[in-house]
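quick one, fold the following:
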Amino acid sequence: MDINWDKLNLDPQLLWADYILPWGTQIVLAILVFIIGRLIASAVTKGARKVMDKAKFDPMLVNFLANILGSVLLLLVIVFSLSQLGVDTTSLVALLGAAGLAVGLALKDSLSHFAAGVMLILFRPFKVGDFVQVDGEMGSVEQITILHTRLKTGDNKVVTVPNGNVFSSTMTNFSEQPTRRVDMVFGIGYGSDLLKAKSILEEMTANHELILKDPAPKIAVHELADSSVNFICRPWVNSADYWTVYWDMMEKVKLRFDEEGIEIPFPQVSVHMEKDD
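Residues are numbered from 1 along each chain as shown. Below you'll find the model as predicted:
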C-alpha cells in the first residue's frame, strides 16, 4: 500500500532526516553499548574471580564479591546505554544514590555485620573446625557466613554470634598452634615430703604417653599457701590432647599421692566452744 505523504503533510525526506535516522542511530548505538558493555563486564568479573581464586580467597567471599562487581558493572552499562538514547541519567543516578542511602541507613547494623564478615574471611583469625572463644562464647567453629559465625559448644549447642560482635571483641583461638601448655596446680600438706611429691610429678609427666618431651615439663614449688604447699605442673601436649591430659593427670596424681601417703589438704574450720560457769 502506497502512503500519500501529501495528505499527511509530511515530507518523507524530512521525516527520514529528522526522526528515523537520528533515532535509529541512537537506538543502534544504545544496543551496541549494552551488548559490548555486558561482554566487558562479564570479562572483568571473570578476571577478578580468577585473581581472587589464585590469591586463595574464601570461595564464599569470591562468589559474593564477584556478584557485587558484576551487578555494579551491569548497572553502569545500563546507565551508559540510556544516555545514548538521550535520557537524562543525572536524575537516575541521584535517585539510585538516594535509594542506596536509605537502604544503608535502614540496614546499618546488618551492614556492619557484613563488613565484619568480609574482614573475618579476608584475615582469617580462625577457620572452620577451630576451637575458639569469641564474644564470651566458646566452641568449635561450624560455619562463617557473611553476617554470622556459628559455634558448636562442648555440650552440642549451636551458638550464632553476629560478625560485628565477633570482630569487635577479643578472639582466642585454641587450635591455631599445634601444641599447648597444660597448667595444673597440685597442693600437698606442710607435713608431707616435698621432694618426694616433686619426684612423683616429674616421673608421671615423663612417662605419660601424650605429654611431649620437648619442651620439657616445668614442675616447681609455686606458693606456700595458708594450708598447702602448691606445685605448678606445666607439661606441653598436642592441642587435641589438652583436656585428655588434664583430666587424666588430675585423676592419676590423686591416686598416686594417696598410695604414697602424701596428703592433699582441703579447707577445714576449727570451732572452739567455751562453757560458761
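
C-alpha from now on. contacts and neighbour counts both.
Will do.

just checking, what packs against whichever strand or helix holds Thr45?
Secondary structure assignment for Thr45, by DSSP states H and E: helix 21-54. Using 3 or more Cα pairs under 8 Å, 6 or more residues apart in numbering; DSSP states H and E, the elements in contact with helix 21-54 are helix 59-84.

mind listing what's buried in the helix it packs on?
61-62, 65-66, 69-70, 73-74, 76-82, 84 (16 or more other Cα atoms under 10 Å).

any idea which element the residue nearest the centre of the chain lies in?
The centre of the chain sits closest to Leu120, judged by Cα atoms, centre = their mean, with a distance of 4.2 Å. Assigned by DSSP H and E, Leu120 belongs to helix 108-123.

repeat for Val221
Per DSSP H and E: Val221 is located in strand 218-224.

same for that strand, what does it pack against?
Packing partners of strand 218-224 (3+ Cα pairs under 8 Å, 6+ apart): helix 194-207, strand 229-234.

before we move on, back to that, buried residues, the helix holding Thr45. List them.
26-27, 30-31, 33-34, 37-38, 41-42, 44-45, 48-49, 52.

follow-up on the earlier one: how about the residue nearest to the centre of the chain, nearest residue that isn't a chain neighbour?
Using Cα to Cα, 6 or more residues apart in numbering and skipping the chain neighbours, the partner closest in space to Leu120 is Phe167 (7.2 Å).

count residues in the vicinity of that neighbour, would you?
18 (other Cα atoms under 10 Å).

now it, what's its secondary structure?
The three-state label given to Phe167 by DSSP: H, G, I helix; E, B strand; the rest coil is helix.

can you read off the pLDDT for it?
pLDDT for Phe167: 83.

that one contacts Phe114, correct?
No - with contact defined as Cα atoms under 8 Å, Phe167 and Phe114 do not form a contacting pair (10.8 Å).

what about the protein, any weak spots by pLDDT?
1-24, 58-61, 63-64, 86-110, 267-273, 275-277 (pLDDT under 70).

80 - rerun?
Scanning the chain for pLDDT under 80 picks out 1-30, 52, 55-68, 71, 79-119, 121-123, 145-147, 266-277.

can you pull the buried residues of the strand or helix carrying Glu259?
Using DSSP H and E, Glu259 falls within helix 242-260. Burial within helix 242-260, assessed by neighbour count using 16+ other Cα under 10 Å, is assigned to Tyr242, Val245, Met249, Val253, Phe257.

once you drop chain neighbours, what's closest to the second one?
By the measure of Cα to Cα, 6+ apart, the closest residue to Val245 outside its immediate chain neighbours is Leu210, 6.9 Å from it.

and for the one you found, the neighbour number?
By the criterion of other Cα under 10 Å, Leu210 has 16 neighbours.

ok, now Phe114?
19.

one more: the one 5 residues further on?
As a burial measure, Met119 scores 16 neighbours (other Cα under 10 Å).

how close does it get to Ser140?
Distance of Met119 to Ser140, computed by Cα to Cα, to the nearest Å: 20 Å.

swap in Val128?
For Val128 relative to Ser140 (Cα to Cα), the value is 8 Å.

those two - which one has more neighbours?
Per other Cα under 10 Å, whichever of Val128 and Ser140 has more neighbours is Ser140, with 23 against 14.

so that one touches Asp155, yeah?
No - between Ser140 and Asp155 there is no contact under Cα under 8 Å: 11.0 Å.

the helices and strands packed on strand 218-224: which one's closest to Phe174?
strand 229-234 (16.7 Å; Cα to Cα).

and for the helix or strand that that closest one is followed by, what's in contact with it?
Downstream of strand 229-234, the first helix or strand assigned by DSSP H and E is strand 236-238. Strand 236-238 is contacted from outside by 178-182, 210-217, 245, using Cα atoms under 8 Å, 6 or more residues apart in numbering.

export those to JSON lines and tack on distance to Ile200?
As requested, those are exported to JSON lines (distance: Cα to Cα, whole Å):
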{"residue": "Pro178", "distance to Ile200": "28"}
{"residue": "Thr179", "distance to Ile200": "24"}
{"residue": "Arg180", "distance to Ile200": "22"}
{"residue": "Arg181", "distance to Ile200": "19"}
{"residue": "Val182", "distance to Ile200": "17"}
{"residue": "Leu210", "distance to Ile200": "17"}
{"residue": "Ile211", "distance to Ile200": "15"}
{"residue": "Leu212", "distance to Ile200": "17"}
{"residue": "Lys213", "distance to Ile200": "17"}
{"residue": "Asp214", "distance to Ile200": "19"}
{"residue": "Pro215", "distance to Ile200": "19"}
{"residue": "Ala216", "distance to Ile200": "16"}
{"residue": "Pro217", "distance to Ile200": "13"}
{"residue": "Val245", "distance to Ile200": "16"}
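
please consider this matter closed, and thank you.
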